[in-house]
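**Student:** Sequence plus predicted model, see below.
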Amino acid sequence: MGKNQHVVPNNGQWSVKGEGNSKYTATTDTQKQAIEIAREIAQNQGSELVIHGRNGQIRAKDSHGNDVYPPKG
């Protein structure tokens, strides 16, 4: 399983950062663009996408790996 991918605000822009990394993977003008990039990375790595709001708090998560508690049905 790869590193979780975080979409974070960055000086008026949005960046994608692998969990534990010191550098950003990508920086975009919109959160939507950053989410698309981070989602593709998370899907390829089988990791989790973590989306932060403008205040830096987590606002959504999307799992692309082996979910411990998959939904029934």
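**Tutor:** Looks like it arrived, so ask away. Residues are numbered from 1 along each chain as shown.
**Student:** in the protein, which spans are strands?
**Tutor:** Listed in chain order, the strands of the chain (DSSP state E) span 5-10, 13-18, 26-28, 48-52, 58-63.
**Student:** would TSV of those strands with mean neighbour count be doable?
**Tutor:** Where C-beta positions appear, they are placed from N, C-alpha and C, glycine not excepted. Formatted as TSV, the strands of the chain follow (neighbours: other CB atoms under 10 Å):
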stretch	mean neighbour count
strand 5-10	22
strand 13-18	21
strand 26-28	17
strand 48-52	20
strand 58-63	12
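**Student:** got the ones you listed as TSV, with mean pLDDT and distance to Ala42 columns?
**Tutor:** Converted to TSV, the strands of the chain look like this (pLDDT from 0 to 100; distance: least, CB to CB, whole Å):
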stretch	mean pLDDT	distance to Ala42
strand 5-10	98	5
strand 13-18	98	10
strand 26-28	98	13
strand 48-52	97	4
strand 58-63	94	7
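**Student:** Please produce CSV containing those strands, extended by distance to Arg39.
**Tutor:** Supplementary listing: these in CSV, determined by distance: least, CB to CB, whole Å:
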stretch, distance to Arg39
strand 5-10, 8
strand 13-18, 10
strand 26-28, 12
strand 48-52, 5
strand 58-63, 7
